[in-house]
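1. can you look at this prediction? I've put the sequence above it.
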Amino acid sequence: MDLVLVALHLEPGPRAVPLGPAMLAAALGHAFGTSLRTRILDLFLDDSPGRCADLILAAGPAWVGFSMYVWNRALTLAVARELRRRAPELVIFAGGPEATADLPGVLEEPAMDFVLPGEAEELIVAAVARLRRGDPPRSLREGLAPAPVRDLAELRSPWLDGILDPSAYAGQLWELSRGCPFTCDFCFEARGAAGTRRVPMARVEAELELFEAARVSQVFVLDPTFNYDRKQAKEILRLIARTAPDIHFFFEIRSEFLDRELAGLFAAVKCTLQIGLQSARPEVLRNIGRTMDPAGFQAKILLLHQAGATYGFDLIHGLPGDTLEGWLESLDFALALVPNHLDLFNLAVLPGTRLLETAPGFGLEFQTGSPYRVTASPTFGAADLARAGRIAHACDVFYNQGKAVPWFGLVLGALELPPSQLFARFAEHLDAHPGQTPGALQAGFLRELFAAGPRPEMGTIAADLATYFGCAAELAEASGLATRTAAFHHDPAVLVAQMAAGITELEDLSYVVPLRPCRAELALDGGDPVLRILPD
């Protein structure tokens, strides 16, 4: 084997697709044909350096290239050192966002011969040509400057060329454009080529037809702002509706480019939208090169809500100028818009970003190595960041993992609590009840919460709602799971029927749904939950 390209994934799953290495392999195949033997190797973060080295060396390569990201930098360098120890003659190089952003730091590793910075399809062809003519590997440190591919029509498709088999992976990563029109300070994408470049629609259509023929179940679109070009976004969504109606797509979008027609097109296909809110405080967003009009944002999200699209938000704690109280306000703002999920992150000061340059002026303290998280700032101290992290984890367990969207508003209305206070209390409950499932944690917490008030019976109703909708979501998401059995305080069939009849206040439900401890079996019929009460 001449070359092994290593994809070191975070974990097995639908996103563990070696698209970057496959793009390089496609470029090399086009340039050198069968005279170059290239293999793509999938490894994972829980593999040891020794095991990774074993699998790489088993292929007998002369050259080894790694795709390096924030999450796999430490293991990548450890594997490189192990390879250098066992096979000193190997040529070892890296590419990817982390290697590009911190090129000098990566080259300080003695085991690393050179780095391919930026978009590497053209660079790797040049590097391999030099290696084949006998240039010393370390000489490739010179003359390999970042060079964005200007015309994406020139790139080969690893799927259409047969390098990637769509049916071999649980999901697919799909690149429809490169570049980002925005300059967010915390993001390295902003330091690439200005503007965006798009994959030709003919290739988009051919790849989509291939995904559908291979019965791919989900596709993660890599564009940082899918809907920046609204016209093309609408064209692609119509193409998806015609060509691949059964595939679930994941898009990252910006709210300001939404309109009613686009919201309807998103709702008409199987998809989940991720929107980078980051903060609901305009004065905080200005510190990272972003702008935001809260009222305008709400109006745009309302279009998605009215259309019935599925959407979620990103929020960051530790932003320069933000406080714990301000972040909690942003959390409440986000949840008032009824997202399907929330992704909550600790700010990271990544190599190569503008934030790395401005961090001293903001007084940000952060980890100097991966994952580069902010640990304190003048307005967001270490203790507050730790508390925000605990609340973020509680939100993930209760709201995301616990599938709380259908009933969350009922509980909040009955408790008269803002969401941030609910999650702060749930964080304490988590500490006291380790090892339980999200559903059990929710049910126990809700019973305790209402038991302290004047209407404790509302706690058992709330717990049953959490159990019912949690089981239904588990059935919908888990392949091979036909039924789910659970214990209830009230007859769940009566509870669901009363909700369907229009009773949507927790207090009213506690009056009309009698207490009847029972066990019930849930199944799905055409996607809808079906209940069967089991004998005592």
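-> That came through fine.

2. sec struct for residue 345, please.
-> Classification of residue 345 by DSSP: H, G, I helix; E, B strand; the rest coil places it in strand.

3. tell me the contacts of residue 171?
-> 13-15, 17, 216-220 (C-beta atoms under 8 Å, 6 or more residues apart in numbering). C-betas here are computed from N, CA, C, even on glycine.

4. which one of the residues you listed is nearest to residue 174?
-> If you rank the contacts of residue 171 by distance to residue 174 using C-beta to C-beta, residue 219 comes first, at 5.0 Å.

5. show the contacting residues for the closest one.
-> 171-174, 211, 247-250.

6. can you rerun that using 6 Å?
-> 172, 174, 247, 249 (C-beta atoms under 6 Å, 6 or more residues apart in numbering).

7. now do the third one: how many residues are near it, please.
-> When neighbours are counted by other C-beta atoms under 10 Å, residue 247 registers 21.

8. residue 220 versus that one, what's the distance?
-> Here the criterion is C-beta to C-beta, to the nearest Å. By it, residue 247 lies 11 Å from residue 220.

9. now for the protein, the helix or strand with the poorest mean pLDDT.
-> In the chain, the helix or strand scored least confidently by mean pLDDT, DSSP states H and E is strand 528-533, which has a mean of 86.

10. I figured residue 185 hits residue 355, correct?
-> Yes: under the criterion of C-beta atoms under 6 Å, residue 185 makes contact with residue 355 at 4.3 Å.

11. more crowded one of the two?
-> residue 355 (26 against 19).

12. remind me what the helix or strand where residue 387 lies packs against, helices and strands.
-> According to DSSP states H and E, residue 387 maps onto helix 382-395. Secondary-structure packing of helix 382-395 (3 or more C-beta pairs under 6 Å, 6 or more residues apart in numbering; DSSP states H and E): helix 324-335, helix 419-432.

13. most packed of these?
-> Stretch with highest mean neighbour count among the helices and strands packed on helix 382-395: helix 324-335 (a mean of 20; mean count of other C-beta atoms under 10 Å).

14. mind checking the pLDDT average for it?
-> Helix 324-335 comes out with an average pLDDT of 98.

15. what is the orientation angle of it with helix 382-395?
-> Per axes from the mean of the first three to the mean of the last three C-alpha atoms, to 10 degrees, the angle that helix 324-335 makes with helix 382-395 is 20 degrees.

16. report the distance from helix 324-335 to the chain centre.
-> Relative to the chain's own centre, helix 324-335 is displaced by 21 Å; criterion: C-alpha atoms, centre = their mean, to the nearest Å.

17. put the alpha carbons of it into PDB.
-> Below are the C-alpha coordinates for helix 324-335, written out as PDB (Å, rounded to 0.1, in the frame of the first residue of the first chain):
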ATOM      1  CA  LEU A 324     -24.200  33.800  34.400                       C
ATOM      2  CA  GLU A 325     -27.400  35.800  34.800                       C
ATOM      3  CA  GLY A 326     -27.200  36.900  31.200                       C
ATOM      4  CA  TRP A 327     -26.700  33.400  29.900                       C
ATOM      5  CA  LEU A 328     -29.600  32.200  32.000                       C
ATOM      6  CA  GLU A 329     -31.700  34.900  30.300                       C
ATOM      7  CA  SER A 330     -30.600  33.700  26.900                       C
ATOM      8  CA  LEU A 331     -31.600  30.100  27.900                       C
ATOM      9  CA  ASP A 332     -35.000  31.300  28.900                       C
ATOM     10  CA  PHE A 333     -35.300  33.300  25.600                       C
ATOM     11  CA  ALA A 334     -34.400  30.200  23.600                       C
ATOM     12  CA  LEU A 335     -36.800  27.900  25.400                       C
END
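
18. what comes up buried for stretch 375-389?
-> Within stretch 375-389, the residues that count as buried by 16 or more other C-beta atoms under 10 Å are 375-377, 379-380, 384-385, 387-389.

19. might one say that residue 220 is in contact with residue 250?
-> Yes: the pair formed by residue 220 and residue 250 meets the contact definition of C-beta under 6 Å, at 4.7 Å.

20. between the two, which has more neighbouring residues?
-> Comparing residue 220 with residue 250 by other C-beta under 10 Å, the one with more neighbours is residue 250, at 21 against 18.

21. confirm the more buried one sits in a strand?
-> Yes: counting by three-state DSSP, residue 250 is part of a strand.

22. so what's it up against?
-> 220, 272.

23. circling back to that earlier point, so which of the helices and strands packed on helix 382-395 comes closest to residue 258?
-> Closest among the helices and strands packed on helix 382-395, once you apply C-beta to C-beta, is helix 324-335, at 16.3 Å.

24. other residues contacting the closest one?
-> Residues outside helix 324-335 that contact it (C-beta under 6 Å, 6+ apart) are 277, 279-281, 313, 315, 317, 384, 388, 418-420.

25. now these as CSV including pLDDT and distance to residue 366?
-> Below are those laid out as CSV (pLDDT from 0 to 100; distance: C-beta to C-beta, whole Å):
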residue, pLDDT, distance to residue 366
277, 96, 22
279, 97, 18
280, 97, 23
281, 97, 21
313, 98, 23
315, 98, 18
317, 98, 13
384, 98, 15
388, 98, 15
418, 95, 29
419, 96, 28
420, 97, 25
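
26. scan this structure for its longest helix.
-> Criterion DSSP state H: the longest helix present in the chain is helix 457-477.

27. what number of residues lie near residue 158?
-> Neighbours of residue 158 under the rule other C-beta under 10 Å: 24.

28. quick check, it in contact with residue 21.
-> No: using C-beta under 6 Å, residue 158 is not in contact with residue 21, being 8.8 Å away.

29. how about the strands in the stretch 1-150 of the chain?
-> Here the stretch 1-150 of the chain has its strands, by DSSP state E, counting those that start in this stretch, at 3-9, 38-44, 63-67, 91-95, 114-116.

30. mind listing the strands the last one pairs with, and their directions?
-> Read that as strand 114-116. Here strand 114-116 is paired, per DSSP bridges, with strand 91-95 (parallel).

31. okay, the angle between the strand it pairs with and strand 63-67?
-> Going by the same axes, to 10 degrees, strand 91-95 makes 20 degrees with strand 63-67.

32. taking strand 3-9 as reference, get the angle to strand 91-95.
-> Using the same axes, to 10 degrees: strand 91-95 against strand 3-9 is 40 degrees.

33. what does strand 91-95 rub up against?
-> Contacts for strand 91-95 (C-beta under 6 Å, 6+ apart): 63-66, 68, 80, 106, 111-116, 120, 137.

34. filter the contacts of residue 171 to the buried ones?
-> The neighbour-count criterion (16+ other C-beta under 10 Å) marks 14-15, 17, 216-220 among those as buried.

35. where's residue 103 relative to residue 204, distance?
-> Relative to residue 204, residue 103 is positioned 32 Å away (C-beta to C-beta).

36. all set now, cheers.
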